[in-house]
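Peer 1: no FASTA, just this:
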Ligand SMILES: Cc1ncc(COP(=O)(O)O)c(C=O)c1O
């Protein structure tokens, strides 16, 4: 079969490729510690599971509106107000089939062929593919530990040219777990809007952020009231903070004039987000469920300390300590291996699955490895112990 040039150009998502290799080893009887996929091990709060059981009582579970149940859109808008300091009209919320569909539709709505889109390196690999799928020319802008592996507004400003149309950032980021300072992000969105461009800000890990340096709770970009922010597209999901990866439910918050566009795209692309998941997700916003999610966030912070300290003790450096999500981006250059070799050998010899930097970009790709600490304390301790044996660096 003749496959399209566009599809041929899509690189594998190596984190998933390592999942396949890990499954092969497990089929041979090896116990692999899987630190390659960004998937919370907690599952959803109990009330969500109860609501899902209730929704499975034989009712037809028909299609909903293309951008979701009105009561869920309202609940999400209230959540943004109460937790992230942003006053959002429910009419601007579109419920989607995961953040993935939100990103895909945002790119469908905003990208024309040959537009240049700026994305930081390293970053979530699928973003490049979403933009590319609609004909964008993606420019990866290298970031450094000095800016916590995030773009700065000055870098975006310097890179902007006549072909540039937009920028995509995730804060906190995958693969580094680091955030862009709120004011810097606002400055970036304002300068992009000033140039007639668009910004997509992926806040999928915002619920799993540490408080800001001044002790304030993490704020959405939408907490700022500037002309640029009013034009910004915000992405979020039930996958990470609420532990609902397989439920395929997320959302985006978009400027008023984009709502009917997203509605048309969703109608055509997949009709509506999954109905059972939407009914269940309504139970995310009770005080009990939010308390569970907050407990889980704190547990991730404990695990982060365990992992960062454990890696340091066996000679693996994490150059930037994360402030959110559940990833560390570790520098393996001191081992003399490239990150791809390190990941291949760590999986084959130590049965620890991680993801090489080449999944996330080009710059520094041979040097860095992403480790997801969304795993139990026992598994994380076992992984560090196995890596110590593998590297011969047991303290
Ligand atoms: C930064 C980022 N955005 C989007 C996604 C996709 O999430 P979802 O499961 O909501 O489609 C992920 C998943 O890992 C992610 O890390």
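Peer 2: Received it, and whenever you're ready, just let me know what you need. The shown structure was predicted, so the numbers you read here are calculated from the model rather than taken from an experiment.

Peer 1: hey, let's count contacts and neighbours off CA atoms from now on
Peer 2: Noted.

Peer 1: For the helix or strand hosting residue 126, which helices and strands make contact with it?
Peer 2: Per DSSP states H and E: residue 126 is located in helix 125-133. Packed against helix 125-133 by the contact rule (3 or more Cα pairs under 8 Å, 6 or more residues apart in numbering; DSSP states H and E) you find helix 98-110, strand 137-142.

Peer 1: That helix and the ligand, any residue contact?
Peer 2: No. Helix 125-133 stays out of contact with the ligand when judged by Cα under 6 Å from any ligand atom, the minimum separation being 7.8 Å.

Peer 1: tell me the angle of that helix relative to helix 98-110?
Peer 2: Interaxial angle, helix 125-133 versus helix 98-110 (axes from the mean of the first three to the mean of the last three Cα atoms, to 10 degrees): 30 degrees.

Peer 1: and helix 125-133, how far from the chain's centre?
Peer 2: Here the centre of mass of C-alpha atoms in helix 125-133, compared against the chain's by Cα atoms, centre = their mean, to the nearest Å, lies 13 Å away.

Peer 1: same check, this time on stretch 133-147
Peer 2: Using Cα atoms, centre = their mean, the offset of stretch 133-147 from its chain centre is 16 Å.

Peer 1: Report the buried residues of it.
Peer 2: Buried residues in stretch 133-147, counted by 16 or more other Cα atoms under 10 Å: 133, 134, 135, 136, 137, 138, 139, 140, 141, 142, 143, 144.

Peer 1: could I get the residues you listed as TSV with pLDDT and distance to residue 272?
Peer 2: Formatted as TSV, these follow (pLDDT from 0 to 100; distance: Cα to Cα, whole Å):
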residue	pLDDT	distance to residue 272
133	93	21
134	95	21
135	94	25
136	96	26
137	96	29
138	97	29
139	98	32
140	98	32
141	98	35
142	98	37
143	97	37
144	95	40
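
Peer 1: What parts of the stretch 101-250 of the chain come near the ligand?
Peer 2: Counting by Cα under 6 Å from any ligand atom, the stretch 101-250 of the chain sits next to the ligand at 124, 170, 173, 174, 204, 237, 239, 245, 250.

Peer 1: and the closest residue to residue 251 other than its chain neighbours, helix, strand or coil?
Peer 2: In this structure, residue 251 finds its nearest non-sequential neighbour in residue 95, 4.2 Å apart by Cα to Cα, 6 or more residues apart in numbering. Classification of residue 95 using DSSP: H, G, I helix; E, B strand; the rest coil returns strand.

Peer 1: I figured residue 95 hits residue 248, correct?
Peer 2: No. If you go by Cα atoms under 8 Å, residue 95 and residue 248 don't touch, sitting 10.5 Å apart.

Peer 1: what are the ranges of the helices in the stretch 201-350 of the chain?
Peer 2: 227-230, 259-269, 275-281, 287-313, 339-350 (DSSP state H, counting those that start in this stretch).

Peer 1: which helices and strands sit right next to the fourth one?
Peer 2: Other helices and strands packing on helix 287-313, by 3+ Cα pairs under 8 Å, 6+ apart, are helix 46-55, helix 377-391.

Peer 1: Need these in CSV (columns: mean neighbour count).
Peer 2: Below are the helices and strands packed on helix 287-313 laid out as CSV (neighbours: other Cα atoms under 10 Å):
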stretch, mean neighbour count
helix 46-55, 17
helix 377-391, 17
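
Peer 1: In CSV, list those along with mean pLDDT and distance to residue 109.
Peer 2: Below are those laid out as CSV (pLDDT from 0 to 100; distance: least, Cα to Cα, whole Å):
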stretch, mean pLDDT, distance to residue 109
helix 46-55, 97, 32
helix 377-391, 97, 41
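
Peer 1: of those helices, which approaches residue 322 most closely?
Peer 2: Closest to residue 322 of the helices and strands packed on helix 287-313 is helix 377-391 (Cα to Cα; 16.6 Å).

Peer 1: And for residue 189, the neighbour number?
Peer 2: Residue 189 is flanked by 29 other residues according to other Cα atoms under 10 Å.
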